[in-house]
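**Student:** can't give you the sequence, but here's the structure:
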């Protein structure tokens, strides 16, 4: 099977292998990792580097003869002192473990075809604020060099000193060799003067520099960097090891044809990538629109019609992890709006429930266990402004229980730390139940004023950078203490805790986008406004029905997500298998 057949026969696989994005980089659109297209790019580069991308012309000058000419040319330039002699000879190359190449190709080492191989400044000058750009590895991406956002600027005098070391010119290959290893690009003809930091190597070569740049980012070279790189925090590869790296060399005219074919196929990848991204974005917009009709329905009849419309296309709508997450959020919103289960006229109303809460509050106040400030009046949230379902009532959270906060015991007093009592911070609020914490405090810390909260308390993160995108809330399953970034609601009736938490999940977007937050680096929810904002409260029996229905639907959603993840993993494995088959053919 030819390279073109290998690529075109599996187009559905390349575009269908999509995973949730975990990092930025080529082949992603901001939320998704286009894994199939990424694998296709790798396959193209590796086929190119192994001589399997285009047909060979056996009448061409062999790579062995080509390399012999380069060796003579190098010796002549060194004799004329137009080229520096290598400080150390490159160790002999063993081809025992290297893939077989076409008959007229040859393996060599990078140092053999590099007439210049050096890195940038190890002690860069101070930033001049303006002038000539000095680039770091952040400025070198796959095939692209960013001259607009350099790491610093140099004066003309500083540049002359640095340029004497690297002398990067048009046609040279830049390669990142510290931190993010293995990004390569060719210096364009219209490039401005620039200098380099040590995280970038510059390679001058008499072979086709585009061909070399493509091979330097091919999987076998990336594997070499990973194997021979040193360091932990910032991995880097020494120039000596770089010079010894195996490079596959085709005849000179074939180098040019390979570059043309790679350019053509990479353009195809770009089109596939754009097409897939557009489809994913359109799918996401459609999901948002149809789910939005559910929460915006004005009555039960309209909700039923909108749900029927969505259900008719369920199999085509909920095909990604993101779409299922949005479905789950919509389920929560419908639940707290009273649209998920039917009302029962025989249920004791929420008004009566709130009276019981007030009676328990009075009892606690009389016993001296509770003191509540007069609540400040704040506007009702937008969702609650809609007509309340039958039997529901509006109430602020501060009416449902006692709010309190935490603090950090003195770090200088070791007797406060290392005990058995959980001390909960935002990093422990990753699940909807708090069953422990990374840090523990002693009973002495509690005796000295750190409040111990009971089981079934509702914990809220009110100060954290995470408040830009989510509002963590959890119910304690054990007695615990908290730090100052959390607030705790201890309901007067403990049986209300599960629904209060569910209600916060359902109104998460309202809390994040409509309630006042202060701070920039670390945002804080204006707590008094949050505590006294009114939320719709259903009758207790309906709360139980809502919670049960939500649990059922969430379980079904998780099962669907698991099947989708398995299918996605299978597609990615198939893409990997096709790559391996193509390379072994």
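**Tutor:** That came in fine, so what should we check first? As the structure is a prediction and not an experimental result, all values here were calculated from the model.
**Student:** Could you use CA atoms for every contact and neighbour count after this?
**Tutor:** Fine.
**Student:** Go ahead and confirm residue 522 touches residue 462.
**Tutor:** No - judged on Cα atoms under 8 Å, residue 522 makes no contact with residue 462 at a distance of 10.3 Å.
**Student:** Comparing these two, which residue is more hemmed in?
**Tutor:** A direct count of neighbours by other Cα atoms under 10 Å for residue 522 and residue 462 places residue 462 higher, at 25 against 13.
**Student:** Can you tell me what sits against stretch 442-450?
**Tutor:** With Cα atoms under 8 Å, 6 or more residues apart in numbering as the test, stretch 442-450 has contacts from 406, 407, 409, 415, 416, 417, 418, 419, 420, 421, 452, 481.
**Student:** In CSV: those, plus pLDDT and neighbour count.
**Tutor:** Putting the contacts of stretch 442-450 into CSV (pLDDT from 0 to 100; neighbours: other Cα atoms under 10 Å) gives the following:
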residue, pLDDT, neighbour count
406, 94, 21
407, 95, 16
409, 95, 18
415, 95, 14
416, 96, 20
417, 96, 20
418, 94, 12
419, 95, 15
420, 95, 13
421, 96, 21
452, 96, 18
481, 97, 26
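**Student:** and these as CSV, adding distance to residue 544 and secondary structure?
**Tutor:** Shown next, in CSV, are the contacts of stretch 442-450 (distance: Cα to Cα, whole Å; DSSP: H, G, I helix; E, B strand; the rest coil):
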residue, distance to residue 544, secondary structure
406, 30, coil
407, 34, coil
409, 38, coil
415, 43, helix
416, 40, helix
417, 39, strand
418, 39, strand
419, 37, strand
420, 34, strand
421, 31, strand
452, 28, coil
481, 28, strand
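**Student:** Tell me how this protein divides into domains.
**Tutor:** Residue ranges for the domains of the chain, per automatic domain parsing: 61-250, 273-340+548-570, 350-538.
**Student:** right, and those - which one's nearest residue 14?
**Tutor:** Evaluated with Cα to Cα, the domains of the chain place domain 273-340+548-570 nearest to residue 14, the distance being 9.4 Å.
**Student:** pLDDT of the closest one, averaged?
**Tutor:** For domain 273-340+548-570, mean pLDDT is 86.
**Student:** so how far does it reach from one end to the other?
**Tutor:** 20 Å (Cα to Cα, to the nearest Å).
**Student:** where does the chain have its least confident helix or strand?
**Tutor:** helix 3-8 (a mean of 62; mean pLDDT, DSSP states H and E).
**Student:** Pick out whichever of the contacts of stretch 442-450 sits closest to residue 132.
**Tutor:** Closest approach to residue 132 among the contacts of stretch 442-450 (Cα to Cα): residue 407, at 50.9 Å.
**Student:** Now for the closest one: which residues touch it?
**Tutor:** Here residue 407 is in contact with 450, 482, 483, 484, 485 (criterion: Cα under 8 Å, 6+ apart).
**Student:** Out of the contacts of stretch 442-450, which is nearest to residue 394?
**Tutor:** Nearest to residue 394, judged by Cα to Cα, of those is residue 406 at 27.9 Å.
**Student:** Any figure for the gap between the closest one and residue 449?
**Tutor:** For residue 406 relative to residue 449 (Cα to Cα), the value is 10 Å.
**Student:** now do residue 243
**Tutor:** To residue 449, residue 243 is 65 Å away according to Cα to Cα.
**Student:** and what of residue 530?
**Tutor:** Taken as Cα to Cα, the span from residue 530 to residue 449 is 25 Å.
**Student:** Comparing these two, which shows the higher neighbour count?
**Tutor:** It is residue 530, of residue 530 and residue 449, that has more neighbours when counted by other Cα under 10 Å, with 18 against 11.
**Student:** Touching, that one and residue 515? I think so.
**Tutor:** Yes - counting by Cα under 8 Å, residue 530 does reach residue 515; the two are 6.9 Å apart.
**Student:** Which helix or strand contains residue 390?
**Tutor:** Counting by DSSP states H and E, there is no helix or strand that carries residue 390.
**Student:** wait, residue 362
**Tutor:** helix 350-366.
**Student:** And the next helix or strand past that helix?
**Tutor:** By DSSP H and E, the next helix or strand past helix 350-366 is strand 393-396.
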